[in-house]
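1. With the input below, show me the fold.
(chains A and B)
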Amino acid sequence: MGTPGEGLGRCSHALIRGVPESLASGESAGAGLPALDLAKAQREHGVLGGKLRQRLGLQLLELPPEESLPLGPLLGDTAVIQGDTALITRPWSPARRPEVDGVRKALQDLGLRIVEMGDENATLDGTDVLFTGREFFVGLSKWTNHRGAEIVADTFRDFAVSTVPVSGASHLRGLCGMGGPRTVVAGSSEAAQKAVRAMAALTDHPYASLTLSDDAAADCLFLRPGLPGATPFLLHRGGGDLPNSQEGLQKLSDVTLVPVSCSELEKAGAGLSSLCLVLSTRPHC
Amino acid sequence: MTTETGPDSEVKKAQEETPQQPEAAAAVTTPVTPAGHSHPETNSNEKHLPQQDTRPAEQSLDMEDKDYCEADGLSERTTPSKAQKSPQKIAKKFKSAICRVTLLDASEYECEVEKHGRGQVLFDLVCEHLNLLEKDYFGLTFCDADSQKNWLDPSKEIKKQIRSSPWNFAFTVKFYPPDPAQLTEDITRYYLCLQLRADIITGRLPCSFVTHALLGSYAVQAELGDYDAEEHMGNYVSELRFAPNQTRELEERIMELHKTYRGMTPGEAEIHFLENAKKLSMYGVDLHHAKDSEGIDIMLGVCANGLLIYRDRLRINRFAWPKILKISYKRSNFYIKIRPGEYEQFESTIGFKLPNHRSAKRLWKVCIEHHTFFRLVSPEPPPKGFLVMGSKFRYSGRTQAQTRQASALIDRPAPFFERSSSKRYTMSRSLDGAEFSRPASVSENHDAGPDGDKREDDAESGGRRSEAEEGEVRTPTKIKELKFLDKPEDVLLKHQASINELKRTLKEPNSKLIHRDRDWERERRLPSSPASPSPKGTPEKASESVKAETMTVSSLAIRKKIEPEAMLQSRVSTADSTQVDGGAPVGKDFMTTPPCITTETISTTMENSLKSGKGAAAMIPGPQTVATEIRSLSPIIGKDVLTSTYGATAETLSTSTTTHVTKTVKGGFSETRIEKRIIITGDEDVDQDQALALAIKEAKLQHPDMLVTKAVVYRETDPSPEERDKKPQES
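-> Residues are numbered from 1 along each chain as shown, chains lettered A, B, ... in the order given. As a prediction, the model looks like this:
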């Protein structure tokens, strides 16, 4: 089975969803969204897709944009995927709940085992879940409650699932991410550091921790699309978007840094973890 | 490391617990007879004194421990008016009882043990039947009147624990090894697999479908061997159990995988099984229902790393053993005191509500046992928090040279055994010549002759007292430790001895688990992690160590002794704060503990003190008490930081305080000076000189280069101690 955690980031496919005009208009669901430059947002989205497909070599599935779902591109919130199982979430915002349907179908078609939340009292946004390769952390944030976290635990029984209180307006993944199988990357804000400390206390495993200047830079994607042994990739925003964090990211070893930008989409609340879902259809132990 | 001693408890216990009698006498005395029926010759001495003294203390105990066998045992013996059961016939010597033990393969094993035998006797019989040498990880359970599973304490009488329940036991894994591949024998792994398979089926160990299939496939390979198209037709696994909800899909997946394992031996299959099982988050977690301070239902999970708090299936909190300073229970509440976090100033105490007093005590005991055991066998716990990137420290997992060495010392040909989880388990001893020779050695190891028994008894109970109240925790290895003293000549035991010696160098906490019997609290103070000794702790430490000393010597002499003792302690304490090397150790060679000062006080007052009949030296002033104090120092210089502790368990009354003063010297070497302070107390009947000589001899046995530097003799009636200075220490 290999070293625990080495399975982190294994992927063969990536799923994204196009940017609808309704996202840019600013009156969309989730009130208070600023007006976006639609063209720029779409360009960013296109570049992201390109990197996933060409640079990383993943099979890219792009769901069409839906005007009734302005936050549709943030499909990272609609599912939690690990191994052969996809847990379809129940987003906190009722207006976002229909977003899960298209995603569910796509994942089903790819052969993943689908698990539903099944509880009206549970709320769960996918970007509140951090998988380290060895365990799960679920942020109890504005969007995810205890019951939602519990269903994650119930779904992924091999792994320890711990809850992390998240203060402020962030999802857990907006504060931290994985920079390697044993490396947690986190922002330098108080909320981010607090979350990291909580995770450190809860875990049984030793991780190295890297602090970046910007919280948003910690929302990076550690991906291993190739064969085991090939150098993994880290999709990150430390290039043009968040130059202050570039230096910190350079400290990561054994990983190819791939910068990607989404500052326009960020205005709608997006981060790298919300803009795509990655999964592997290859069987692994 | 901060340690505290529980002087009050030791004394009280000696008073309260009418001592567990040596095996011979046990057969004679019945537990439930009014004083009049008992044998005046054998019992009066024991009962006479304790009766007066224990009653008040005992009543306080009783208030808390009404259900407890120990208290009941006491009350039955010393408060004759309480006899409720009908008087039993006077037991003949060696009257035996039948025990039924359910083994891991669900078969039943029946055997006879002497009616007043201790748990260890039964356990040894079962292990022998199972041909199991690595017994430390296992134990026996029984169901009590509330249908709750309880561990059978090997050091106590079975009868007293099981009370009115039937003598039915289950052989179970008690401590799940974090790294099963490191177990020495296949047969041990086999039993561990059986246990885990049962855990999976009962839902105690949840897994995903994929994991059920994987583990199931290895189990099939181990049990049925290679896939053979002729033998294995259709659904050949349907009769085996792999999961709580077994689906056809699961069985098919298992068979699919099984086909790919051609050539895998059963031993290999079991290793694969364990390698996968050990990663599961609930592996080795012992769950207890409780409520938190807000009344929310939670589960407390005790495991190798520490204490976990679950709400539903979610882990909401975790306290690694090094973070826990003290574990205690009071009535049905369970408390843990935890070290202040990085950004906090004060320790905090967290309380939980258990269903009842028994559960609280059970949880407490399980915590102590896990803490002790896993400090012994597991590697250095992961560093606190996340490592900051750029730190040179490398977490090296299994570099426990000692455990590997210890395992390597188990030297016998792999025993043949049949694997069958569904059939009756038969062990044939005639199959392998090696097995014939084993029984002899096994019995030497574990069933010492009457001589050893007695001493073991004394040492046991003494050691027990040093560890706390009646809820003492003993791992089986302790008994072996004591045997080491008894028979150093025996070659076979030397093996065992070396194993234990090595284990002991890792084993600090056992001696540090000190009880403070204040108010009705049962507590245990855990050693603080060496990485962060709190300055606050040191004055506390000093005063408590002082108390330890005072209790074993009569009152007058105490005062004179306090000063030098306090001075010693405070010297050590200040050294503590200045000498601790806070730097992160570098490199692979880093040993388990950074430089630190460890002070451990073990008081082992022996049963004999009571039996002598003239008043235990510790308790009753009056008759002359002679105390001899020896201070011997021996520096040890070496790369390794030795923090072994050892209580002198001479036949007489002796208390030994071992102080390890460790300094890090430049060049990465550390120097440990070990000071052992031995106090012999006893009245005129005790040959002080002989006891002293024996104690010195034992100390030298452990540290050959130790020299006596100072001997102080004083008497209770004589206020001024005479001092005799001996040779200076080696440098």
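2. ok, and the helix or strand in chain A with the lowest average confidence?
-> Within chain A, no helix or strand scores below helix A:21-25, which has a mean of 87 by mean pLDDT, DSSP states H and E.
3. Just list what that one packs against, helices and strands only.
-> helix A:38-50 (3 or more C-beta pairs under 8 Å, 6 or more residues apart in numbering or on different chains; DSSP states H and E). The way it works is simple: take the backbone N, C-alpha and C, and place the C-beta from them, glycine included.
4. Can you show me the CA trace of the helix it packs on as PDB?
-> Only the C-alpha atoms of helix A:38-50 are listed here, as PDB (Å, rounded to 0.1, in the frame of the first residue of the first chain):
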ATOM      1  CA  LEU A  38     -16.800  38.900 -17.200                       C
ATOM      2  CA  ALA A  39     -14.300  38.600 -19.900                       C
ATOM      3  CA  LYS A  40     -11.400  38.600 -17.500                       C
ATOM      4  CA  ALA A  41     -13.100  36.000 -15.300                       C
ATOM      5  CA  GLN A  42     -13.800  33.800 -18.300                       C
ATOM      6  CA  ARG A  43     -10.200  34.200 -19.500                       C
ATOM      7  CA  GLU A  44      -8.900  33.200 -16.100                       C
ATOM      8  CA  HIS A  45     -11.200  30.200 -16.100                       C
ATOM      9  CA  GLY A  46     -10.000  29.200 -19.500                       C
ATOM     10  CA  VAL A  47      -6.400  29.300 -18.500                       C
ATOM     11  CA  LEU A  48      -7.100  27.200 -15.500                       C
ATOM     12  CA  GLY A  49      -8.700  24.600 -17.600                       C
ATOM     13  CA  GLY A  50      -5.800  24.700 -20.000                       C
END
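5. Determine the set of other helices and strands touching it.
-> strand A:13-17, helix A:21-25, helix A:263-266.
6. Recalculate using a threshold of 7 Å.
-> helix A:21-25, helix A:263-266 (3 or more C-beta pairs under 7 Å, 6 or more residues apart in numbering or on different chains; DSSP states H and E).
7. Export these to JSON lines and append columns for mean neighbour count.
-> Below are these laid out as JSON lines (neighbours: other C-beta atoms under 10 Å in any protein chain shown):
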{"stretch": "helix A:21-25", "mean neighbour count": "20"}
{"stretch": "helix A:263-266", "mean neighbour count": "20"}
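8. The stretch 151-285 of chain A against chain B: which residues are in contact?
-> Proximity of the stretch 151-285 of chain A to chain B (C-beta under 7 Å from any C-beta of the partner chain) is limited to residues A:153-154, A:156-163, A:184, A:196-197, A:200-202, A:204-210, A:251, A:285.
9. Now which of those would you call buried?
-> A:153-154, A:156-163, A:184, A:196-197, A:200-202, A:204, A:206-210 (16 or more other C-beta atoms under 10 Å in any protein chain shown).
10. Please tell me I have it right and B:P266 contacts B:R419.
-> Yes - counting by C-beta atoms under 7 Å, B:R419 is a contact partner of B:P266 at 5.7 Å.
11. between the two, what contacts are shared?
-> Here B:P266 and B:R419 share the contacting residues B:A222, scored by C-beta atoms under 7 Å, 6 or more residues apart in numbering or on different chains.
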